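> here you go, sequence then predicted model.
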Amino acid sequence: MQRLTGLIASLMVCGGAALADCADDAEVAAFVDAFAAKQPAQALGVEGSMDDALCTQAKVAAAMEPVMGPVAGYKAGLTSKPAQERFGVTEPVRGVLYRDGLLENGASVPEAYGAVPVFEADLLLVIGDPAINSAHTTEEAMAHISAIHPFIELPDLTLAKGQPINGVTLTAMGVGPRMGVMGDAVPVSDPAAMHMALQSMEVVLSAADGEELARVPGAAVLGHPVQSALWLVSKGVTFKEGDLVSVGSFGPLFPPAKGKGGATARYIGLPGDPSVSVTFTQ
């Protein structure tokens, strides 16, 4: 509850500017009802600014708690140039992760786990202490990260066909949070070595039959995955110990059918070459 209260406070502060298109309670309730039913939803904040979208995101997060539990962390979306160009933005977008959407390694989920389900290789950072909020470089930030988790995110793009999907509407709904599968924690015992490994690793996403879907260097996410945490701080997030950070996608988004029954992400170059897997059921 404390984290959600902080999220709402930070998102509602918009420099005193009027919020022209912060969604009203009825719009938010309709969105949450559609999400809970795994039905396509109407976009929120279509005519609004990014400040409006962050205001709406806070209201959605509060209304989503009975469905998905409290906010457990944050996500940086659209962290690659191709993704930004596709959605008409010039920088990443800020979203949230919900506690009840975080699943254990090897979890089985229905192929139709959302209204518009997709999956991607990602990575979670675990915030070790709030001193990360004062870090200026990825090397400094790494010293305040206690662990990382391999992560296959299972977003839900949620919106009905024909609804606008862009930086503002993605932000308004929290950047498509639904679920994600977490691999075992990899402790950060040597921050300098882990910093180098994260930048130089290769993230390989494969379908259940072994077909390689993507092979992407760690540097593909903003030059270094930890840069996502610094970017979130620059946009007003204040991290607490234990917060999770989804750094963004290593490669394209895929529909679950592309996984042919599941997917595995491997992180070649991290200690032990860890991996995480998900199974998709009919």
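Great, that's in hand.
> residue boundaries of the strands in the stretch 51-200 of the chain?
71-77, 93-98, 102-104, 108-110, 120-127, 145-154, 179-182, 186-187 (DSSP state E, counting those that start in this stretch).
> look up how far Leu97 lies from Pro274.
For Pro274, the distance to Leu97 (CB to CB, to the nearest Å) stands at 19 Å. Any C-beta I mention is one placed from the backbone N, CA and C, and that applies to glycine too.
> who has more neighbours, these two?
Leu97 (25 against 19; other CB atoms under 10 Å).
> so what's Val276 up against?
Val276 makes contacts with Asn105, His149, Pro150, Phe151, Ile152, Val181, Met182, Gly183, Thr264, Ala265, as judged by CB atoms under 8 Å, 6 or more residues apart in numbering.
> tell me, what residue is most central in this protein?
Lys75 (3.5 Å; CA atoms, centre = their mean).
> and that one, bridged to which residues?
Using DSSP bridges, the beta-bridge partners of Lys75 come out as Gly95, Ser246.
> going forward, begin numbering at 39 instead of 1
Happy to do that; since the first residue is 39 now, the last one works out to Lys113.
> okay, and the beta partners of the nearest residue to Pro225 once chain neighbours are set aside?
Among residues not flanking Pro225 along the chain, Ala185 sits closest, at 5.1 Å (CB to CB, 6 or more residues apart in numbering). Beta bridges link Ala185 to Val164, Pro225, judged by DSSP bridges.
> what's the burial count for Ala185?
Residues near Ala185, counting by other CB under 10 Å, number 17.
> for the residue nearest to the centre of the chain, give its distance to Asp247.
29 Å.
> again with Glu178
42 Å.
> so which of the two has more stuff around it?
Counting neighbours by other CB under 10 Å for Glu178 and for Asp247 shows that Glu178 has the greater number, 16 against 9.
> tally of neighbours for Ala110?
There are 20 residues near Ala110, going by other CB under 10 Å.
> buried set for stretch 107-118?
Pro108, Val109, Ala110, Gly111, Tyr112, Lys113, Ala114, Gly115, Leu116, Thr117, Ser118 (16 or more other CB atoms under 10 Å).
> which residue, other than its chain neighbours, is closest to Gly144?
Nearest non-adjacent residue to Gly144 (CB to CB, 6+ apart): Ser315, at 5.6 Å.
> okay, and the one you found sits in which element?
strand 313-319 (DSSP states H and E).
> just checking: what are the partner strands of that strand?
strand 146-148 (parallel), strand 300-306 (antiparallel).
> angle of that strand against strand 158-165?
130 degrees (axes from the mean of the first three to the mean of the last three CA atoms, to 10 degrees).
> what residue ranges in the stretch 89-238 of the chain score low on pLDDT?
Of all residues in the stretch 89-238 of the chain, none has pLDDT under 70.
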